[in-house]
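A.B. asks: Sequence and predicted model, in that order:
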Amino acid sequence: MEPERSDGDRRHTRRYGWDRWSDIAAHYATDPDDALDLYGTRLCCYAVKRIAWT
């Protein structure tokens, strides 16, 4: 069972996780639903694109 996230948890992760592209892309690759919930669609898409460019 996964711990429940609050909106504050999501806001904090999105604000301070913006520069961890490889971690976000890896999270999205292994569990896309959880990554989208935690980081949001925009940040996940950007991370995947950023990793693809490198």
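C.D. replies: Looks like it arrived, so ask away. Quantities reported herein were computed from a predicted structural model and do not represent experimental measurements.
A.B. asks: Just the pLDDT for A25.
C.D. replies: You'll see A25 listed with a pLDDT of 95.
A.B. asks: since we're on it, how many residues are nearby?
C.D. replies: 19 (other Cβ atoms under 10 Å). In this view, the C-beta of every residue, glycine as well, is placed from N, C-alpha and C.
A.B. asks: hang on, it packs against W53?
C.D. replies: No: when contacts are counted by Cβ atoms under 8 Å, A25 is not listed as touching W53 (11.2 Å).
A.B. asks: OK, contacts around the spatially most central residue of the chain?
C.D. replies: Ranked by distance to the mean C-alpha position of the chain (Cα atoms, centre = their mean), the top residue is Y39 at 3.5 Å. Under the criterion of Cβ atoms under 8 Å, 6 or more residues apart in numbering, the contact list for Y39 reads 13-14, 17, 24, 27-28, 47.
A.B. asks: Filter the residues you listed down to the buried ones.
C.D. replies: Taking 16 or more other Cβ atoms under 10 Å as the criterion, what is buried in those is 13, 17, 24, 27-28, 47.
A.B. asks: tell me which element R11 falls in.
C.D. replies: Here R11 sits within helix 7-16, counting by DSSP states H and E.
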